[in-house]
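Q: build me a structure from this.
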Amino acid sequence: MSFSDGGFSCKSTTAAMSLPSRLLAKPIPRFLPLSPPYPSSGRPLLVLNPATNRASSSLSARVSLTTPVTTVGDTADAAMDAVQRRLMFEDECILVDENDHVVGHESKYNCHLMEKIESGNLLHRAFSVFLFNSKYELLLQQRSAAKVTFPLVWTNTCCSHPLYRESELIDENALGVRNAAQRKLLDELGIPAIDVPVDQFVPLGRMLYKAPSDGKWGEHELDYLLFIVRDVGAHPNPDEVADIRYVNREQLKELLRKADAGEEGLKLSPWFRLVVDNFLFKWWDHVEKGTLNEAADMKTIHKLA
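A: Numbering: from 1, shown residues only. The predicted structure follows:
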């Protein structure tokens with residue numbers, strides 16, 4: 001689905017993307033507490049090597065080997081896109097409690113099964129990037145039809161998860177989440193890291209929400225809301241993104257109206273709608289004034305439904 005002056009038109013895209021290799025040669029059992037916290041004060045920024053997607057050093061953690069380990073099914077749904085299937089099993093999300101303390105890790109597959117979410121109260125860390133250009137227009141994306149959760153819905157610039165790897169577990173100044181955001185902007189939208197430096201992301205807040213997708217799949221996330229103002233060139237990966245568009249405030253309000261009226265089959269992601277309804281337009285004022293840091297509140301975790 002793409003935007004045009006007359007409304008929306010449909011298009012479909014397919015492609016494959018390479019997967020990041022895992023950082024941990026010997027995976028730590030799931031659902032185990034990490035000790036000590038990451039990182040120690042003054043720890044330098046860890047940068048992933050683009051050739052290997054590995055951090056510069058191995059993860060150090062102490063775990064109890066007596067803690068039960070959960071397992072994932074041997075195969076994913078037969079109808080699942082091959083790339084999404086591999087990501088579902090290869091990617092390890094960071095499990096947290098409702099105070100955002102890391103309690104372990106679990107596959108992306110299990111983290112998005114509503115049965116697992118409900119039975120195990122699985123809550124994982126996530127992020128949502130809101131990228132504005134120098135005209136203060138917000139870049140939106142339409143999720144690919146191949147996405148397991150919320151296919152073809154429109155949402156903010158980039159939505160994904162920090163993974164259970166050293167460079168993305170750094171809590172200090174949300175550096176791990178910012179590292180993950182930089183990685184996924186390249187993966188999904190082809191925006192190189194040099195165009196979105198990690199120190200340019202402004203974490204404005206955190207929200208906790210739960211949203212079913214289709215009965216089987218859903219989200220239960222503690223979501224970091226990251227804002228950045230940069231002029232970038234985007235080259236979407238069609239396995240992740242069906243379409244993109246910059247919108248100003250009035251264009252976004254028209255998008256909301258069409259979604260509410262059910263026009264043109266337009267749908268918005270639940271997390272994007274929560275941000276729009278609770279924060280976005282007042283934060284947009286700070287984007288235009290250059291005062292984003294004044295709006296930041298990283299102490300509060302907003303529990304939204």
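Q: give me the phi and psi for residue 163.
A: Dihedral pair for residue 163: phi -100, psi 160, per degrees, to the nearest 10.
Q: and for it, the neighbour number?
A: Per other Cβ atoms under 10 Å, the neighbour tally for residue 163 reads 25. Where C-beta positions appear, they are placed from N, C-alpha and C, glycine not excepted.
Q: same question, the one 3 residues further on
A: By other Cβ under 10 Å, the residues close to residue 166 number 23.
Q: from residue 263, how far out is it?
A: Using Cβ to Cβ, to the nearest Å, one gets 46 Å for the distance from residue 166 to residue 263.
Q: likewise residue 237?
A: Taking Cβ to Cβ, one finds residue 237 at 28 Å from residue 263.
Q: tell me which of those two has more neighbours.
A: Neighbour tally, residue 237 and residue 263, criterion other Cβ under 10 Å: the higher count belongs to residue 237, 17 against 11.
Q: ok, that one touching residue 189?
A: Yes: here residue 237 reaches residue 189: they are 7.2 Å apart, a contact under Cβ atoms under 8 Å.
Q: list the residues that contact the spatially most central residue of the chain.
A: Nearest to the geometric centre of the chain sits residue 160, at 1.7 Å (Cα atoms, centre = their mean). Residues in contact with residue 160 (Cβ atoms under 8 Å, 6 or more residues apart in numbering) are 126, 127, 180, 181, 184, 187, 188.
Q: could these be laid out in a markdown table, adding distance to residue 197, pLDDT and secondary structure?
A: Listed next are the contacts of residue 160 as a markdown table, based on distance: Cβ to Cβ, whole Å; pLDDT from 0 to 100; DSSP: H, G, I helix; E, B strand; the rest coil:
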| residue | distance to residue 197 | pLDDT | secondary structure |
| --- | --- | --- | --- |
| 126 | 21 | 98 | strand |
| 127 | 16 | 98 | strand |
| 180 | 14 | 98 | helix |
| 181 | 11 | 98 | helix |
| 184 | 15 | 97 | helix |
| 187 | 17 | 96 | helix |
| 188 | 18 | 97 | helix |
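Q: which pair of these spans the longest distance?
A: 126 and 187 (14.9 Å; Cβ to Cβ).
Q: of those two, which one has the most company?
A: residue 126 (27 against 21).
Q: and the gap between residue 293 and residue 169?
A: Noted for residue 293: a distance of 24 Å to residue 169, by Cβ to Cβ.
Q: specify which residue of those two has the higher count of neighbours.
A: Using other Cβ under 10 Å as the criterion, residue 293 and residue 169 rank with residue 169 on top: 27 against 10.
Q: that's all I had, so thanks and see you.
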